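> After the sequence you'll find the predicted model.
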Amino acid sequence: MSMRPVNMDFRYGSTFGLHMASAYERLLLDCMTGDPTLFDRADSVEAAWALVQPFLDVWPTKDPRSMPMYASGSWGPSEADELLAREGRRWRLL
């Protein structure tokens, strides 16, 4: 890889004179060459699932109508304010 300054109004093909690979071409090339920079490590994926899995386990057991709802564009359900208030916190309104 080589770096150089470029104007931000550049077109990749005319600036570098190369064919721009599609996302799938780039992904396959990275797999074939062993470049891990675009991939999550296994421990990172497992940590993310450890955070999400408890929610996925509980949702099927709950009545969807019990989920706090709020109107689009509003500041959210009152339950969000109550959750923060339990610890003496509040939302910072702009």
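Now that the structure is in, tell me what you want to look at. Values in this document were obtained by computation on a predicted structure and should not be read as measured data.
> all helices of the chain, in order?
Counting by DSSP state H, the chain has helices at residues 12-16, 23-33, 42-58, 78-85.
> Test my guess that Glu79 contacts Pro68.
Yes: using CB atoms under 8 Å, Glu79 is in contact with Pro68, at 4.3 Å. (Glycine included, C-beta is placed from N, CA and C.)
> Any stretches of this structure with poor pLDDT?
10, 12, 94 (pLDDT under 70).
> Most remote residue from the middle of it, which is it?
Distance from the centre of the chain peaks at Gly17, with 32.5 Å (CA atoms, centre = their mean).
> Report the central residue of the protein.
Ala48 (11.0 Å).
> now it: how far from Arg86?
27 Å (CB to CB, to the nearest Å).
> In JSON lines, list the helices of the chain along with distance to Arg92.
Output for the helices of the chain, formatted as JSON lines (distance: least, CB to CB, whole Å):
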{"stretch": "helix 12-16", "distance to Arg92": "41"}
{"stretch": "helix 23-33", "distance to Arg92": "38"}
{"stretch": "helix 42-58", "distance to Arg92": "24"}
{"stretch": "helix 78-85", "distance to Arg92": "10"}
